[in-house]
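Asker: With the sequence up front, the predicted model follows.
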Amino acid sequence: MDIWREAIKEGFTIRGGLELDDIFWNSSDIIGPAFINAFRLEKDLADTSRIIIGERLLATILYFWKNAHHFEFYIDVEDAILTMLMKSSGKYVSLKPSYMLKRKDVSAQNIIEKVRILQDSCRIGDHKRKYEELISVLSNPEKHSKPNKQDLLNYQSILTSYKKKINY
């Protein structure tokens, strides 16, 4: 989340996908299913400043939720994971940008003002709209609830449909 906060401080926001799978790299290339899927999520679904959760990461979250009682160490999925997530634009599940403001050295108001400046600098209405959800989440984080199990299952269906649509 430091990346998101630092990006805003530097005058831009980020959008992307977050996936769980193999990734391979060397000094000049990055490749692998996680990288490709994260890129597709960013390109096709993350149309505003947000980081969309991928299908394998979502499946892992659901697995931990269902099987937490079987682990030697107990994982409270709601407290450990879901507090970092939110329902985004009513149907997606993404990282909750307000989570980045939990550090004491960051002024929420300062970050919100920087995002509003970015929004005001846009000349096209559609581009201005892309900042609205981010400003709303940062201004009223409690208004943007963490997803419940049904939200995650609904989102899983959206991702399955998306994969069929792009023939992946």
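Answerer: Nice, I can see it.

Asker: Quick one: the helices in the chain, in order.
Answerer: 2-10, 33-44, 55-67, 77-80, 108-120, 125-129, 132-139, 149-165 (DSSP state H).

Asker: Show me the one of those that comes nearest residue 89.
Answerer: When the helices of the chain are compared by CB to CB, helix 132-139 sits nearest residue 89, at 6.5 Å. All C-beta spots, glycine's among them, are computed from the backbone N, C-alpha and C.

Asker: Can you spell out which helices and strands pack onto the closest one?
Answerer: helix 108-120 (3 or more CB pairs under 8 Å, 6 or more residues apart in numbering; DSSP states H and E).

Asker: helices or strands next to the helix it packs on in the packing?
Answerer: helix 2-10, helix 132-139.

Asker: nearest to residue 34, of the ones you listed?
Answerer: Residue 34 lies closest to helix 2-10 among those, at 16.7 Å (CB to CB).

Asker: which of the residues in the closest one are buried?
Answerer: 4, 5, 8 (16 or more other CB atoms under 10 Å).

Asker: now swap in stretch 116-127 and tell me
Answerer: 118, 119.

Asker: who touches it?
Answerer: Where contact means CB atoms under 8 Å, 6 or more residues apart in numbering, the residues beyond stretch 116-127 that reach it are 8, 11, 12, 13, 128, 130, 131, 132, 135.

Asker: again, 6 Å this time
Answerer: By CB atoms under 6 Å, 6 or more residues apart in numbering, the residues outside stretch 116-127 that reach it are 128, 131.
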